[in-house]
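Peer 1: okay, predicted coordinates and the sequence, questions at the end:
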Amino acid sequence: MKNKEKEKKIITPEETLADEEVLVEQDYQNIKDDPILRENLAKAQESLDERRLVDNEYYSEHAHPVSENEIEGAKTPEEEKELIEKIQSKTKFREEYVKNNVILSVNHLKQYFFFGSGPGRFKLKAVHDVSFQVHEKEVFGIVGESGCGKTTTGRSIIRLYNITSGSVYYKGHRIAAGSRWNEKEIKYTKIRERKRLKELNEKLKKGEVTKEEFEAQKKEIVDHAKGIIKVQKAKIKQIKYDDTHVDPKLMREIQMIFQDPIDSLDPRMTVESIISEGLEIQGFHNKKENHIKVVEALERVGLIEDYANRYPHEFSGGQRQRIGIARALIMNPKLLICDEPISALDVSIRAQIINLLDDLRREMGLSIIFIAHDLSVVKYFCDRIAVMYFGEIVELATSDELFKHPLHPYTKSLLSAIPIPNPYLEKKRVRISYNPREYHDYSVEKPSLVEILPGHFILANSAEVEKYKVEIAELDKKKE
């Protein structure tokens with residue numbers, strides 16, 4: 001018994017911080033003569049010291065500028081308000097999104113993946129400069145071919161990836177941000193500063209400026225660069241702070257339904273364990289209450305209580321997808337990201353899942369981001385649609401407007417791929433293939449997302465905008 005008790009007290013570097021502090025002190029006398037235990041103690045102590053150092057640096061950098069005691073000691077309401085604003089300024093919040101009922105705002109999102117190292121290192125631009133907003137109780141559709149960045153956009157929003165650049169706001173709070181743009185701004189500011197100072201030195205050597213003018217201009221260049229770098233460093237610090245201080249309760253309101261119902265469900269877990277796993281992670285450990293919530297979630301998606309004790313392989317594809325939906329709904333989300341939830345299902349089952357999601361969003365007041373390939377499905381289900389190609393949004397409009405005025409060649413290509421139920425018309429259907437080199441010439445002017453009609457955005461340069469305006473007028477004449 002004594003040996004077993006002694007084994008329990010062996011220290012390893014993986015122990016928690018609190019345990020290490022207690023055990024190091026308690027067992028010090030017992031392990032003096034044991035070389036193995038002495039080595040474990042040394043590793044534990046080293047790990048403990050490292051974490052203390054990291055924690056001290058972290059809290060000194062991210063501490064709030066004002067303490068609660070200072071707020072309580074404020075003499076006037078104005079002083080108290082000023083102190084509270086100082087604390088609030090430490091986390092990024094945009095009130096205009098809340099006022100305009102914008103539940104999610106994605107601003108200039110970039111998601112790059114880096115491969116290799118050294119000279120052979122390269123980056124893959126999975127998502128490049130994507131911006132859109134989702135309003136409360138709105139269904140926002142994202143369509144495009146495989147590999148265009150739809151799923152990556154959804155995963156970046158829910159923080160499964162650390163985004164490279166841009167920012168994501170949920171209910172006015174910044175929940176994700178990337179600092180690549182700010183870091184590049186610092187880098188190129190330094191390059192421009194060196195270049196301007198070099199040019200100034202050459203002017204001094206040639207006698208084009210006096211010594212006094214040289215000193216004055218040099219100070220101006222250096223001060224200008226310092227000002228930019230200071231601002232960008234402050235923004236990077238803010239980004240890092242926001243990224244590590246996201247409220248878990250806020251993130252709990254965003255849930256995702258994954259594309260493949262087979263791979264997204266653990267085959268070794270029962271349905272009840274799969275659905276209740278999120279509750280347990282969030283700290284809900286009452287098994288009786290969790291079981292009641294699981295049964296309610298199953299019934300909400302059209303399944304019965306008996307299924308709770310079964311395993312995923314015992315269900316059909318449609319039933320597995322319903323289990324995936326129940327897993328998301330049990331957290332009472334406000335925003336649901338549906339990553340191609342019907343692509344792996346039969347046509348008849350697709351209609352059931354779409355109708356189920358439609359009923360749930362009306363019943364629960366959900367906002368939904370619906371990712372899909374099929375424009376005909378998206379038209380039926382979504383309020384607004386964004387068309388993505390090669391990591392960028394090429395067209396964004398309401399569902400009716402996009403089908404009324406399809407302008408971008410890639411949008412036309414997707415529409416031409418929709419099968420027509422009438423066999424005679426299907427034979428006459430012309431398939432449009434999209435090759436960017438044939439349709440666009442961006443050698444002179446690069447494209448940007450332009451609002452060509454109210455609420456209708458398209459990726460184009462000024463020459464293409466004029467062409468699209470003529471096309472809109474022709475389409476309207478035909479329909480008259």
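Peer 2: Cool, got the structure. Numbers count the residues shown, from 1 in each chain.

Peer 1: show me where pLDDT drops low in this protein?
Peer 2: 1-91, 480 (pLDDT under 70).

Peer 1: make it 80
Peer 2: 1-91, 118, 261, 343-348, 479-480 (pLDDT under 80).

Peer 1: the most centrally placed residue in the chain: what's it in contact with?
Peer 2: By Cα atoms, centre = their mean, the chain has its centre lying nearest to Ile157, at 2.0 Å. Listed by Cβ atoms under 8 Å, 6 or more residues apart in numbering, the contact set of Ile157 reads 104, 106, 168, 176, 254, 337, 369. In short, each C-beta sits where N, CA and C put it, glycine included.

Peer 1: now for these: which two are most distant?
Peer 2: Maximum pairwise distance in the contacts of Ile157, criterion Cβ to Cβ, is 14.5 Å, between Ala176 and Ile369.

Peer 1: what about these two, which has more around it?
Peer 2: Legend: neighbour count by other Cβ atoms under 10 Å for Ala176 and Ile369, higher for Ile369 (27 against 23).

Peer 1: that's a helix at the more buried one, yeah?
Peer 2: No: going by DSSP: H, G, I helix; E, B strand; the rest coil, the assignment for Ile369 is strand, not a helix.

Peer 1: for it, give me its contacts.
Peer 2: Ile369 neighbours (Cβ under 8 Å, 6+ apart): 104, 134, 140-142, 154, 157, 335-338.

Peer 1: before we move on, back to that, out of the contacts of Ile157, which sit inside strands?
Peer 2: Taking DSSP state E as the definition of strands, the contacts of Ile157 contribute 104, 106, 168, 176, 254, 337, 369.

Peer 1: quick one, what contacts Arg320?
Peer 2: Contacts of Arg320 by Cβ under 8 Å, 6+ apart are 261-262, 265, 312.

Peer 1: show me the helices in the stretch 301-450 of the chain, by range?
Peer 2: 317-329, 347-364, 375-381, 399-404, 409-416, 423-428, 436-439 (DSSP state H, counting those that start in this stretch).

Peer 1: export those to a markdown table and tack on distance to Leu475?
Peer 2: As requested, the helices of the stretch 301-450 of the chain are exported to a markdown table (distance: least, Cβ to Cβ, whole Å):
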| stretch | distance to Leu475 |
| --- | --- |
| helix 317-329 | 38 |
| helix 347-364 | 29 |
| helix 375-381 | 17 |
| helix 399-404 | 7 |
| helix 409-416 | 12 |
| helix 423-428 | 20 |
| helix 436-439 | 18 |
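
Peer 1: compare these and give me the one nearest His291.
Peer 2: Of the helices of the stretch 301-450 of the chain, nearest to His291 by Cβ to Cβ is helix 317-329, at 13.3 Å.

Peer 1: what angle separates the closest one from helix 347-364?
Peer 2: 20 degrees (axes from the mean of the first three to the mean of the last three Cα atoms, to 10 degrees).

Peer 1: buried ones in helix 317-329?
Peer 2: Going by neighbour count (16 or more other Cβ atoms under 10 Å), the buried part of helix 317-329 is 318-329.

Peer 1: is Tyr97 in contact with Tyr169, as I believe?
Peer 2: Yes: contact criterion Cβ atoms under 8 Å: Tyr97 and Tyr169 qualify, at 5.7 Å.

Peer 1: what about these two, which has more around it?
Peer 2: Neighbour totals were compared for Tyr97 and Tyr169, and Tyr169 leads with 22 against 19 (other Cβ under 10 Å).

Peer 1: please name the bridge partners of that one.
Peer 2: Taking DSSP bridges as the rule, Tyr169 bridges to Ser105, Arg174.

Peer 1: also the one 10 residues further on?
Peer 2: Beta-bridge pairing of Ser179 under DSSP bridges involves Ser165.

Peer 1: isn't it right next to Lys240, touching?
Peer 2: Yes: using Cβ under 8 Å, Ser179 is in contact with Lys240, at 7.2 Å.

Peer 1: neighbour count: these two, which is higher?
Peer 2: Ser179 (21 against 14).

Peer 1: show me what contacts that one?
Peer 2: Taking Cβ under 8 Å, 6+ apart, one finds 165, 235-236, 239-240 in contact with Ser179.

Peer 1: can you select the buried ones from these in ChimeraX?
Peer 2: Typed into ChimeraX, the line below selects the buried ones among these, using 16+ other Cβ under 10 Å:
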select :165,235,236,239
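
Peer 1: relative to Asp400, which of the contacts of Ser179 is nearest.
Peer 2: Ser165 (33.3 Å).

Peer 1: how about the nearest residue to Ile393, chain neighbours excluded?
Peer 2: Ala386 (5.0 Å; Cβ to Cβ, 6 or more residues apart in numbering).

Peer 1: the one you found pairs with what?
Peer 2: Going by DSSP bridges, Ala386 forms beta bridges with Ile142, Leu396.

Peer 1: against Glu395, how distant is it?
Peer 2: Using Cβ to Cβ, to the nearest Å, one obtains 7 Å as the distance from Ala386 to Glu395.

Peer 1: related to what we said a few turns ago, and the helices of the stretch 301-450 of the chain, which is most packed in?
Peer 2: helix 317-329 (a mean of 23; mean count of other Cβ atoms under 10 Å).

Peer 1: what's the overlap in contacts for Tyr97 and Tyr169?
Peer 2: Contacts common to Tyr97 and Tyr169, judged by Cβ under 8 Å, 6+ apart, are Ser105.

Peer 1: which residue of this protein sits farthest from its center?
Peer 2: Largest centre distance within the chain, by Cα atoms, centre = their mean: Gly207, 55.0 Å.

Peer 1: how far away is that one from Glu213?
Peer 2: In terms of Cβ to Cβ, Gly207 sits 11 Å off from Glu213.
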